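# pasted the sequence and its predicted model underneath.
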Amino acid sequence: MDALKRELLEEIGTEKFDNIQELPFGFYFDFPKDVQEKSGFIGQEVKLFLADFYGTEEDINIDMDEISNFLFLDKEEFLKKLSFENTRNSFLKLIKNHKIH
């Protein structure tokens with residue numbers, strides 16, 4: 001969890017999270033061929049975590065070298081933005097199992 005907290009601080013500029021838990025599922029995706037050739041990696045495994053954010057939007061300071069876009073979305077808007085079926089299925093499972101409103 002220390003690595004996750006470090007990443008949150010580095011990339012979004014806040015440590016205002018608690019109740020962090022790793023979820024028992026995630027997903028994998030293959031990079032497009034041009035990215036595979038450039039990076040030398042075939043794909044990426046994504047682990048999912050659930051945490052309570054107790055700060056405000058003003059506490060967030062995005063590292064734009066790491067994250068190109070950031071916004072708060074409600075559940076429906078978030079699901080509409082997911083372009084990969086396996087990603088959407090993972091988050092639907094998260095929403096159902098953790099009764100996220």
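Alright, I've got the coordinates.

# where's the residue nearest the centre of the chain relative to Glu10, distance?
Ranked by distance to the mean C-alpha position of the chain (C-alpha atoms, centre = their mean), the top residue is Leu48 at 6.8 Å. Leu48 is 19 Å from Glu10, where distance means C-beta to C-beta, to the nearest Å. Placement of C-beta: from N, CA and C, glycine included.

# also Leu73?
Here the criterion is C-beta to C-beta. By it, Leu73 lies 22 Å from Glu10.

# what of Glu22?
From Glu22 across to Glu10, the span is 19 Å (C-beta to C-beta).

# just the CA trace of stretch 2-14, in PDB.
Output of stretch 2-14 as PDB, limited to C-alpha atoms (Å, rounded to 0.1, in the frame of the first residue of the first chain):
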ATOM      1  CA  ASP A   2       2.900   2.300   0.500                       C
ATOM      2  CA  ALA A   3       3.700   2.300  -3.200                       C
ATOM      3  CA  LEU A   4       0.100   3.100  -4.000                       C
ATOM      4  CA  LYS A   5       0.100   6.000  -1.500                       C
ATOM      5  CA  ARG A   6       3.300   7.300  -3.000                       C
ATOM      6  CA  GLU A   7       1.900   7.100  -6.500                       C
ATOM      7  CA  LEU A   8      -1.300   9.000  -5.500                       C
ATOM      8  CA  LEU A   9       0.800  11.700  -3.900                       C
ATOM      9  CA  GLU A  10       3.100  12.000  -6.900                       C
ATOM     10  CA  GLU A  11       0.400  11.900  -9.600                       C
ATOM     11  CA  ILE A  12      -2.500  13.800  -8.000                       C
ATOM     12  CA  GLY A  13      -0.800  15.700  -5.300                       C
ATOM     13  CA  THR A  14      -2.700  14.500  -2.200                       C
END
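
# only the buried residues of it, if you could.
Neighbour-count burial for stretch 2-14 flags 8, 11-12, 14 (criterion: 16 or more other C-beta atoms under 10 Å).

# likewise stretch 74-88?
Under the neighbour-count criterion of 16+ other C-beta under 10 Å, stretch 74-88 has 87-88 buried.
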